[in-house]
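> Here is the input, now give the coordinates:
(one chain, ligands or ions: 2)
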Amino acid sequence: MLKTLKSMDFTDMKAMTMLPKGQFDIGDMPRFGLSQFADRFPAQTQGPELQVSGDVRQKITIGTELSELPQTQVVADFHCVTTWSSLNLKWEGVLFKDVFEHLVQPLGMPDKQARFVILRGQDGAKTSLPLDDLLKSNVILATRMNDERLTMAHGAPLRLVAPDHYGYKSIKYLNRMSLHVENPGYRPSGFRFMEHPRARVSFEERGQFFPGWFLRYSYRPLIKPTAKLFANAAELHSGKNR
Ligand SMILES: Nc1nc2c(c(=O)[nH]1)N[C@H]1C(S)=C(S)[C@@H](COP(=O)(O)O)O[C@H]1N2
Ligand SMILES: [Mo]
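Ligands and ions are numbered 1, 2, ... in the order given. Below you'll find the predicted structure:
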């Protein structure tokens, strides 16, 4: 039943204003993703190493340079497309925008028309976003989460966090990105069938072929088994690496 404004207490109000349409607060962030990535882990875990290629004049690899850029914090909620949200997470690292302006542009010299970015993780996961979305001031390449070094579970040594977009855009174990000139009819290889090209949470762009509300109900039953699959795989992996 709908509550009237009068009978709502402050916590209701807060929950309502903080959670986007169709999302619920799951508490601590689970290790999560598409099931095929559950038991794939980064091979290189020492320090971040990010290759930049595509429509650039010079391919580059960014590593230790990252620690020389201004270290920044982003506090934001994280929204998985399957409807779980983890609230108030603190990420630390370097803004994508700073990496782009201080390293990618001067060293890689990307084509001025390149407006489209494919991002890949060491586990083989990939996604894409328009460059303009990545240049927003809350998109971060994180090395720390909640005042600690990023854990393997959450994408060490380097992960993207794009809080305004569903979780599948926030690639963990990030090691490659490529810039592309977008042209009509071009089907980017970073693209998966169910993905929305932008996946903005505020527009409930969960997928490109079905409405957000429909996907909400389809995805919800997957949360528990997927979280379990990912947690078990991580446990097995950490056992092996002891
Ligand atoms: N490399 C990689 N990045 C990924 C995924 C993945 O499986 N592999 N899953 C995505 C999805 S669907 C979500 S919801 C978040 C989950 O991040 P977490 O495991 O830190 O909670 O990572 C995203 N980035
Ligand atoms: Mo997700």
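
> For this structure, which residue gets nearest to ligand 1?
residue 33 (2.2 Å; Cβ to the nearest ligand atom). Glycine gets a C-beta too; all of them are placed from N, C-alpha and C.

> per-residue pLDDT, that residue?
We have a pLDDT of 95 for residue 33.

> next one: residue 7
Listed pLDDT for residue 7 reads 50.

> From here on, call the first residue 218.
Taking 218 as the first residue, the last one we looked at is residue 224.

> Pull up the residues of this structure that are close to ligand 2.
Selection of the chain residues close to ligand 2 by Cβ under 5 Å from the ion yields 297, 298, 384, 385.

> Correct me if wrong: the residue of the chain closest to ligand 1 contacts residue 342.
Yes - counting by Cβ atoms under 8 Å, residue 250 does reach residue 342; the two are 6.7 Å apart.

> so what sits against both of the two?
residue 389 (Cβ atoms under 8 Å, 6 or more residues apart in numbering).

> for residue 339, phi and psi?
Residue 339 has phi and psi values of phi -60, psi -20 when expressed as degrees, to the nearest 10.

> And the pLDDT at residue 457?
Looking at residue 457, its pLDDT reads 75.

> quick one: the lengthiest helix in the chain to chain centroid distance?
Longest helix in the chain, counting residues (DSSP state H): helix 440-457. Relative to its parent chain, helix 440-457 has a centroid offset of 19 Å by Cα atoms, centre = their mean, to the nearest Å.

> which residues are in contact with that helix?
With Cβ under 8 Å, 6+ apart, helix 440-457 has contacts from 243, 247-250, 252, 255-256, 258, 297, 299-301, 369-370.

> buried subset of the residues you listed?
Buried by 16 or more other Cβ atoms under 10 Å: 243, 247-250, 255, 258, 297, 299-301, 369-370, out of the contacts of helix 440-457.
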